[in-house]
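Q: Need a 3D model of the sequence below.
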Amino acid sequence: QVQLVESGGGLVQPGGSLRLSCTTSGGTLNYFAIGWFRQAPGKEREGVSCISSTENTTYYADSVKGRFTISRDNAKNTVNLQIHGLKPEDTAVYFCAADAGEFCSDDFYKPFWYEYWGKGTQVTVSS
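A: So this is what the prediction gives:
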């Protein structure tokens, strides 16, 4: 079983940047497409990005295009989400999730496709 672990969250001022990371405490991410989701209090979980396992094909939600960049380093068993230009509305718990397959689905933003989930890392954007 793949156990995902997120890190890199924190408190940041509007306009700031963060890099979130996702790795495993056991196993490898290398064979899975990996998605990033976020969930703000009282809101549904929102898919923000996905990267395929080997082709490095990436997908982004419209709400984050141009500010979020997903990447992976299979040698380090890590998937990163670089976030620039943080806004208060980006405040949420951010989760990484492993798809059941190697490729991101066209509707990657639907939690349905993901088999394994991390526990999340809190991102708070506030002055």
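Q: Tell me which residues of stretch 10-20 come out buried.
A: 12, 18, 20 (16 or more other CB atoms under 10 Å). All C-beta spots, glycine's among them, are computed from the backbone N, C-alpha and C.
Q: Surely residue 5 touches residue 26?
A: No: look at residue 5 against residue 26 with CB atoms under 8 Å: they stay out of range, at 9.8 Å.
Q: who's more crowded, the two?
A: Each of residue 5 and residue 26 has its neighbours counted (other CB atoms under 10 Å); residue 5 has more, 14 against 9.
Q: partners of the more buried one in the sheet?
A: Beta bridges link residue 5 to residue 23, judged by DSSP bridges.
Q: And it, how far from residue 23?
A: Going from residue 5 to residue 23 by CB to CB, to the nearest Å gives 6 Å.
Q: One more: residue 83?
A: Counting by CB to CB - residue 83 and residue 23 are separated by 18 Å.
Q: Show me which of those two is the more surrounded one.
A: residue 83 (25 against 19).
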